[in-house]
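Chemist: here's my sequence, what's the structure:
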Amino acid sequence: MSRDFVYMDEVICGIRWEAKYFTSNNFTGVPVKGYGANRIMGTKALAEALDKVQHKARALGYGLFLWDGYRPQRAVECFLNWARLPDDGIHKKRYYPNIDRAEMIQKGYVATQSSHSRGSAIDLTLYILKTGKLLPMGGHFDLMDKKSHHDAKNIKPIESENRHLLRSIMENCGFEAYENEWWHYMLKDEPYPDTYFDFPI
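Modeler: The predicted structure follows:
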């Protein structure tokens, strides 16, 4: 592990997480290469900014639930290889109901180079501190569909408000939204803007 990277659970109090790509509960249907533990990792700069997010969210009665942070380049290569395979249809209904598997790259849902591999991106949502329930956002993590876009029209008003709340907190703490995925945020000032790391988690 690079000396400038940390595990988020070791430096941010009160976060919850499920490293989706460590499990088979992701769009590929299997654990992804490079994910050796159910941990979320990122640069120290990412952790510091996310700690500010956590404090702002907590003041409003919410906590952070993380799905992915640093992503080894070998995992990105797995995604690209998977996207190029013939579609078996097994996970299509849940993860990409309205596009073909081969369109994931073209439509920006799978990147050839990811900000995650630079240690500067985080996939997350909010949960309610009193109940532990995730806020409804109008779609689940890794749903590759227009419904996941920030400007989606086919979601409920409360879901749109919740997305706006998350976005507002993130942007006020130095993050930039990705328009195609309501859960994906990237540091505006990245410490390694040109480096794609490949050490395993």
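Chemist: ok so residue 183 is a strand residue?
Modeler: Yes. Counting by DSSP: H, G, I helix; E, B strand; the rest coil, residue 183 is located in a strand.
Chemist: what sits up against stretch 142-154?
Modeler: Residues outside stretch 142-154 that contact it (C-beta atoms under 8 Å, 6 or more residues apart in numbering): 20, 26-27, 94-99, 104, 107, 109, 138-139, 155, 160, 163, 167, 177, 179-183. In short, each C-beta sits where N, CA and C put it, glycine included.
Chemist: just the ones of these in helices?
Modeler: 94, 95, 104, 160, 163, 167 (DSSP state H).
Chemist: who wins on neighbours among those?
Modeler: When neighbours are counted by other C-beta atoms under 10 Å, residue 163 leads those with 26 neighbours.
Chemist: residue contacts, the closest residue to residue 11 other than its chain neighbours?
Modeler: Distances taken as C-beta to C-beta, 6 or more residues apart in numbering put residue 47 closest to residue 11, at 4.8 Å, once the chain neighbours are dropped. By C-beta under 8 Å, 6+ apart, residue 47 lies in contact with 6, 8, 11, 12.
Chemist: could you report the pLDDT at residue 47?
Modeler: Residue-level confidence at residue 47 comes out at 97, pLDDT.
Chemist: after the host helix or strand of it, next one along is what?
Modeler: For residue 47, the element it lies in under DSSP states H and E is helix 44-59. Where DSSP H and E defines the elements, the next helix or strand beyond helix 44-59 is strand 62-68.
Chemist: now do that next one against helix 44-59, angle only.
Modeler: Per axes from the mean of the first three to the mean of the last three C-alpha atoms, to 10 degrees, the angle that strand 62-68 makes with helix 44-59 is 150 degrees.
Chemist: who's in contact with the following helix or strand past strand 62-68?
Modeler: Downstream of strand 62-68, the first helix or strand assigned by DSSP H and E is helix 73-84. With contact meaning C-beta under 8 Å, 6+ apart, helix 73-84 is reached by 21, 28, 32-35, 101-102, 104-105, 110-114, 116-117, 196-198, 200.
Chemist: swap in stretch 89-103?
Modeler: 27-29, 82-85, 87, 104, 107, 109, 140, 142-146.
Chemist: give me that answer again for 7 Å
Modeler: Stretch 89-103 has contacts (C-beta atoms under 7 Å, 6 or more residues apart in numbering) with 27, 29, 83, 84, 87, 104, 107, 142, 143, 144, 145.
Chemist: closest one to residue 67 out of these, please.
Modeler: residue 142 (8.1 Å; C-beta to C-beta).
Chemist: tell me, how many residues neighbour that closest one?
Modeler: Using other C-beta under 10 Å: residue 142 sits among 24 other residues.
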